[in-house]
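Asks: Dropping a prediction and its sequence here:
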Amino acid sequence: MAQEPIRPNRAVSDHLHILVRRAIIGLAVWLLASVATLFSAQGHTALAVAVACAFILVVVVLACALLHIGVRGERVRGTGPTGDLVSLRDWLSGQFRIYQGSLSGKDAAIEIILPLAAVSLGMTLFGIILHFAAPGAA
């Protein structure tokens, strides 16, 4: 990935946009729902699924709490040009500051959301296939 120089007219941010955070929470809830419904069984498997769901639920609750705190802080600070929140279009076209330099906002959003989306979709498809391939399936 080529590093672009930071242009003065592009917004530089070091925090995620609220819609990116909400997408992460939504994908985690999707993963929780797919694991809980498609892999629920009797015995030791049900216990393992319950523990995995509990971990995912804790992550979702913590993410929601951090989202609420972060949005409140952004509204107080006024990260937008008029004191409002920055629009998603402006955030995606701007730069996202990371430890090694900066990325475009679009690349950062893709790199953050893509792994969780792949896991959520993969677990859903795996559960559907397992449901129909299991002995005595519909």
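Replies: Nice, thanks for sending it over.
Asks: Tell me, how many residues neighbour residue 37?
Replies: Other residues lying near residue 37 total 12 when counted by other C-beta atoms under 10 Å. Where you see a C-beta, it was placed from the backbone N, CA and C, and this is true even at glycine.
Asks: Retrieve the pLDDT associated with it.
Replies: Reading off the confidence values, residue 37 has pLDDT 81.
Asks: can you give me the helices for this protein?
Replies: 18-38, 44-77, 88-93, 105-133 (DSSP state H).
Asks: ok, now which ones touch the residue nearest the centre of the chain?
Replies: By C-alpha atoms, centre = their mean, the mean C-alpha position of the chain lies nearest to residue 24, the distance being 1.7 Å. Residues near residue 24 by C-beta atoms under 8 Å, 6 or more residues apart in numbering: 63, 112-113, 116.
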